[in-house]
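Student: starting from these lines, generate the structure:
(chains A and B)
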2 protein chains.
Amino acid sequence: MKKREQTIILKKQPKIIGFYSIVGPKEGEGNFGPYFDYVMKNDCFGEDTFEKAERKMLETALTGVIQKAKLSPKDIDVMIAGDLLNQIISSSYAARAFEFPFIGVYGACSTMAESMAVASVLIDGGYCENIVCCTGSHFSTAERQYRFPLELGNQRPPTSQWTVTGAGSCILSLKGEGPRITSVTFGRVVDWGVNDVNDMGAAMAPAAKDTMLNHFKNTKTKPEDYDLIVTGDLGKLGSEILIDLMDEEGFTLGVNYCDCGQMYFKREQETLCGGSGAGCCATVFNSYIMKKFKDGQYKKILFMPTGALLSTTSSQQGDTVPGVCHAIVIEA
Amino acid sequence: MKKREQTIILKKQPKIIGFYSIVGPKEGEGNFGPYFDYVMKNDCFGEDTFEKAERKMLETALTGVIQKAKLSPKDIDVMIAGDLLNQIISSSYAARAFEFPFIGVYGACSTMAESMAVASVLIDGGYCENIVCCTGSHFSTAERQYRFPLELGNQRPPTSQWTVTGAGSCILSLKGEGPRITSVTFGRVVDWGVNDVNDMGAAMAPAAKDTMLNHFKNTKTKPEDYDLIVTGDLGKLGSEILIDLMDEEGFTLGVNYCDCGQMYFKREQETLCGGSGAGCCATVFNSYIMKKFKDGQYKKILFMPTGALLSTTSSQQGDTVPGVCHAIVIEA
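Tutor: Residues are numbered from 1 along each chain as shown, chains lettered A, B, ... in the order given. Below is the predicted model:
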């Protein structure tokens, strides 16, 4: 009986030949502000509902990345996307606008990595030439769907994170120039029994640990081998938990470790534990991180978005919050 | 500039080495009753909520298919699954029970084909050995989430379909015996402006036409080349629309064409336009269709589940209903 090997080593190593990010005004004022392609003037983006604004962000990210990669929509073989809204409507309706063959995925805030991992395999195996990956989230649609209508003005507990309003996209291909995806690790669903829906960082940290340990073991690497190890949106608390969990396993996450959610906003923006949402790591990756690759500052990174796989129904029925984390290695 | 080619021809042709289906009592009394592995005594399946019953169906389908394929959970490299509940919780929580590396997908009622198509590529390319695909739906969770609580006793319009309570699963591998998957076609998102959420068949038929035309063109085949062409759950009305649409394009869908939704229930079961839901074609495929392959009655079929990519939010905001259809060719 064979032993399960979670890490897939890619032979042809698909390249990231284009990237694009669009964010809301609050995000534009955050720490990554100067790196985004487009900062919206307001959260409505000219639409009459926040949900339609979210969809328009994804459409903008798709148009933007195709232009930046100097391709036409007809060059795209498949679009792989997902988002936080019920039935991933932002992605489906965005796919409709382009008539792309569409693979809808759901991995909560890990969606950027999930879509890139599936795309990597499709391209590495020679099944597709160009694949566009896209995801996003919107503070106001997420609050309405997962928590409370904004009009109620509910207080936020100190462990809560702020759903990023933004969308990120990238194009993977064997042709063209860009950093290469060299391996992917699909994560397992891990649940340590956290039932506080305002503490997603604690719920997802065990999944990040599981995938990270698996990845290090399978690839025979250690934290020092990467210029950057970046988790999705564990936030301030979750990333501290991950550092502790990895420390117990004998791995020290040092100055090369960071978390997109933790870094996203400035202290005075009062987001408590930091950013979250599928758009969080999607916009950081497809702006700041990719530009650092372009500038030659990164040679090899480990990108590990995490997702909390709950719904309002599961919470109402007393379920705890499972997490998942997919890992991708990107090399210059 | 290259022309987009939607159909992927598989070189190694992954085999379907195991299949399993579990359904509710009403489904057990339907036309496929004798073919299912397990018929539940009631829709609650020993759980205190319908949502937990749905999850338990998926877990049962996973355990069942792994046993039937004479494998252990450790032999499974990846689980690819999705369902109709918000944030695909049935699939995520089922994945948690097995600690499988998990790729969550969403394609509404096309999910069985979407998961099998992604799995085919992962196996064909040599990235995984055994992948389990799974999906399901539950009448009572779908009514509660998408329509009205059952307690209201709302009337059903004549175009409506009945969400199947059931889950189906299969295992794809290069080792072992079973029919082979020889090509997959990822569908585009197509929307012809249907805005009646009680007429999903009409909304999805254009997507089925689009994928079918694409598939015939790319593979240079015609309807007569298949022992069976089976759509997911267009139902009575939707499948008649598809026959008309294909007729306009010069393709006659004859006696070898059928629709899982249309065939699922007996006339006296009063399901109006027939069955629907991700569990509809998943349970027909992983029982009746696979057994016909085993018995040598099918040599080559075209499996085309369709999905309606709406949410209650998109409907409430006046959006029309986009459809998608993924196609898979299976040969003995």
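Student: now do residue A:11 against residue A:120, distance only.
Tutor: Applying C-beta to C-beta, to the nearest Å, the value for residue A:11 to residue A:120 is 11 Å. Glycine gets a C-beta too; all of them are placed from N, C-alpha and C.
Student: tell me the residue of chain A that sits nearest chain B?
Tutor: residue A:125 (3.0 Å; C-beta to the nearest C-beta).
Student: so which residues of chain A form helices?
Tutor: Under the criterion DSSP state H, chain A contains helices at A:25-28, A:50-68, A:89-98, A:111-124, A:139-146, A:200-219, A:235-248, A:260-264, A:278-284, A:290-294, A:312-316.
Student: of the ones you listed, which is nearest residue A:44?
Tutor: With distances scored as C-beta to C-beta, the stretch of the helices of chain A nearest to residue A:44 is helix A:50-68 (5.3 Å).
Student: quick one, that closest one and helix A:139-146 angle?
Tutor: Following axes from the mean of the first three to the mean of the last three C-alpha atoms, to 10 degrees, one obtains 130 degrees for the angle between helix A:50-68 and helix A:139-146.
Student: would you mind finding the most buried of the helices of chain A?
Tutor: The highest mean neighbour count among the helices of chain A, using mean count of other C-beta atoms under 10 Å in any protein chain shown, belongs to helix A:278-284: a mean of 36.
Student: flag the shaky bits of chain A, pLDDT-wise.
Tutor: Counting by pLDDT under 70, chain A contains low-confidence residues at A:1-4.
Student: is chain B contacted by stretch A:81-93?
Tutor: Yes: under the criterion of C-beta under 8 Å from any C-beta of the partner chain, chain B is reached by stretch A:81-93 at A:82, A:84-89, A:92-93.
Student: over to stretch A:104-115?
Tutor: Yes: using C-beta under 8 Å from any C-beta, stretch A:104-115 comes into contact with chain B via A:104-108, A:114.
Student: ok, residue A:263 touching residue A:271?
Tutor: No: under the criterion of C-beta atoms under 8 Å, residue A:263 is not in contact with residue A:271, lying 11.2 Å apart.
Student: what residues are up against the residue of chain A closest to chain B?
Tutor: Under the criterion of C-beta atoms under 8 Å, 6 or more residues apart in numbering or on different chains, the neighbours of residue A:125 are B:121, B:124-127.
Student: again, only using 10 Å
Tutor: With contacts defined as C-beta atoms under 10 Å, 6 or more residues apart in numbering or on different chains, the neighbours of residue A:125 are A:10-12, A:14, B:8, B:10-11, B:121-127.
Student: redo the residues you listed as a markdown table? Include distance to residue B:28.
Tutor: As requested, those are exported to a markdown table (distance: C-beta to C-beta, whole Å):
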| residue | distance to residue B:28 |
| --- | --- |
| A:10 | 45 |
| A:11 | 47 |
| A:12 | 48 |
| A:14 | 46 |
| B:8 | 36 |
| B:10 | 34 |
| B:11 | 40 |
| B:121 | 34 |
| B:122 | 33 |
| B:123 | 32 |
| B:124 | 35 |
| B:125 | 38 |
| B:126 | 40 |
| B:127 | 38 |
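Student: which one among those gets closest to residue A:282?
Tutor: Checking the contacts of residue A:125 against residue A:282 by C-beta to C-beta gives residue A:14 as the nearest, at 17.7 Å.
Student: among the helices of chain A, which comes closest to residue B:133?
Tutor: For these, proximity to residue B:133 was assessed by C-beta to C-beta; helix A:111-124 is nearest, at 13.9 Å.
Student: could you check the angle that closest one makes with helix B:111-124?
Tutor: Note on geometry: by the same axes, to 10 degrees, helix A:111-124 and helix B:111-124 are set 50 degrees apart in direction.
Student: got the angle between helix A:111-124 and helix A:200-219?
Tutor: With the same axes, to 10 degrees applied, the angle from helix A:111-124 to helix A:200-219 works out at 30 degrees.
Student: in stretch A:148-168, what counts as buried?
Tutor: Using 16 or more other C-beta atoms under 10 Å in any protein chain shown as the test for burial, stretch A:148-168 gives A:159-168.
Student: number of residues surrounding residue A:72?
Tutor: The criterion is other C-beta atoms under 10 Å in any protein chain shown. On that basis, residue A:72 has 10 neighbouring residues.
Student: gap between it and residue A:63?
Tutor: Spatial separation of residue A:72 from residue A:63 under the definition C-beta to C-beta is 11 Å.
Student: stretch A:209-216 and chain B, any residue contact?
Tutor: Yes: counting by C-beta under 10 Å from any C-beta of the partner chain, chain B is contacted by stretch A:209-216 at A:210-211, A:214.
Student: cool, stretch A:48-59 as well?
Tutor: Yes: judged by C-beta under 10 Å from any C-beta, stretch A:48-59 and chain B are in contact via A:48-49, A:51-52, A:55.
Student: just name the closest of those residues to residue B:198, please.
Tutor: The shortest approach to residue B:198 among the residues of stretch A:48-59 next to chain B belongs to residue A:51, at 21.7 Å (C-beta to C-beta).
Student: thought that closest one was touching residue A:87?
Tutor: No: using C-beta atoms under 10 Å, residue A:51 and residue A:87 do not qualify as a contacting pair, with a distance of 11.5 Å.
Student: residues that sit against both of these two, list them.
Tutor: Listed as contacting both residue A:51 and residue A:87 by C-beta under 10 Å, 6+ apart are B:311, B:313-314.
Student: dig out what the residue nearest to residue A:142 when sequence neighbours are not counted forms beta bridges with.
Tutor: What sits nearest to residue A:142 in space, not counting adjacent residues and going by C-beta to C-beta, 6 or more residues apart in numbering or on different chains, is residue A:163, at 4.0 Å. Beta-bridge pairing of residue A:163 under DSSP bridges involves residue A:276.
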